[in-house]
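**Student:** model this:
(one chain, ligands or ions: 1)
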Amino acid sequence: MERRIYTARLRDKIVLSESAQCYHLEFDVPEVEQFSFEAGQFVSMVAVDAQGKHQSRAYSMASAPRGNRFDICLDRVEGGFFSNLLCDLIPGDTIQFDGPHGFFVLRPPPVDTILIATGTGVAPMKGFVEQLFPGEAEDRSEGAHFWLLYGTRHESEIYYRRYFEKTAAEHSNFHYLPTLSRPPEGWEGLRGYVQAHVRQMLQDHPGILSRNSTAPPMRAYICGLNEMVSANRAQLKELGWDRKQIHFERYD
Ligand SMILES: Cc1cc2nc3c(=O)[nH]c(=O)nc-3n(C[C@H](O)[C@H](O)[C@H](O)COP(=O)(O)OP(=O)(O)OC[C@H]3O[C@@H](n4cnc5c(N)ncnc54)[C@H](O)[C@@H]3O)c2cc1C
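**Tutor:** The predicted structure follows:
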């Protein structure tokens, strides 16, 4: 089947972190009324480089579906072709893409779940959280608990912090746990890498370590660079998790 190329128009651009050069970009797709996708999927942005070569790069959608719109969040990679092209767009500019793609989506029904992300790996997690706890609309979490364990280096790189904090304050079954590998003095939150906290979290949550528990098996969704994803997958397997409980998206 021939793939369909769409044109996305940048509506808004927000700097998420000056120091990390991370941007939140909001697009619409003017040629359709509804751009259908599942939270957690990605689009492939396409463009031609200075040598006339077709380039494409994947970007997870950092939003749940809403009309013909979608958001992404990305870091400017030094010397990188596509991240610089996208980070330099200004509202009104257009870019071509195809999609949606990917299977990193929430499996029904909702069960207690750990969302583990680092850096811009938080993008699909934001989509998931918007999907589960959609503000004005009805809560879709069905009472299951969701823990978002988010790792980054500095406090200034906690992307979407206010959104996640607000959602956690409004929903007792959403738990937001940012952890910093280089915390500032006085930081009272978690410290170190995400994987160090996964085991502790599971020990704190009764019934999870035992596969014979009467509770339905938990799930984990992991997104970010391969090293972190692999470390967390290995740890969960060591703790007795079945691979079917573990879903992941690797950015490299
Ligand atoms: C399924 C999927 C979803 C993705 N979603 C996102 C997303 O939501 N947000 C996002 O920012 N990125 C995401 N990525 C990564 C993205 O596709 C690009 O790889 C990234 O933006 C770099 O592209 P570039 O063209 O700027 O760099 P390139 O021109 O491809 O590479 C330039 C140099 O930078 C290095 N490099 C490539 N990627 C990175 C990186 N992430 N950090 C540091 N160095 C790097 C390369 O090894 C190379 O040396 C995703 C990747 C996949 C596979």
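**Student:** all strands for the stretch 151-252 of the chain, in order.
**Tutor:** With DSSP state E, counting those that start in this stretch as the criterion, the stretch 151-252 of the chain has strands at 174-180, 190-191, 219-224, 246-250.
**Student:** Report all helices and strands that the last one contacts.
**Tutor:** Meaning strand 246-250. In terms of contacts (3 or more CB pairs under 8 Å, 6 or more residues apart in numbering; DSSP states H and E), strand 246-250 is packed against strand 219-224, helix 226-238. All C-beta spots, glycine's among them, are computed from the backbone N, C-alpha and C.
**Student:** gap between D252 and N226?
**Tutor:** Going from D252 to N226 by CB to CB, to the nearest Å gives 5 Å.
**Student:** Show the contacting residues for H175.
**Tutor:** For H175, the contacting residues are 145-148, 168, by CB atoms under 8 Å, 6 or more residues apart in numbering.
**Student:** May I ask which of those has the most neighbours?
**Tutor:** F146 (26 neighbours; other CB atoms under 10 Å).
**Student:** Quick check, pLDDT for that residue.
**Tutor:** pLDDT, F146: 95.
**Student:** I'd say it and F174 touch.
**Tutor:** Yes. With contact defined as CB atoms under 8 Å, F146 counts as touching F174 (5.2 Å).
**Student:** List phi and psi for whichever residue of the chain sits closest to the ligand.
**Tutor:** Nearest residue of the chain to the ligand: G80, at 2.1 Å (CB to the nearest ligand atom). Torsion angles at G80 (phi, psi; degrees, to the nearest 10) stand at phi -80, psi 140.
**Student:** Return the distance of it relative to K53.
**Tutor:** 15 Å.
**Student:** out of D252 and N226, which sits in the more crowded spot?
**Tutor:** Between D252 and N226, counted using other CB under 10 Å, N226 has the larger neighbour count: 11 against 7.
**Student:** how about the more buried one, what does it touch?
**Tutor:** N226 touches 250-252, counting by CB under 8 Å, 6+ apart.
**Student:** ok, now K237?
**Tutor:** 243, 246.
**Student:** same deal with the one 4 residues further on?
**Tutor:** By CB under 8 Å, 6+ apart, W241 lies in contact with 217-218, 220.
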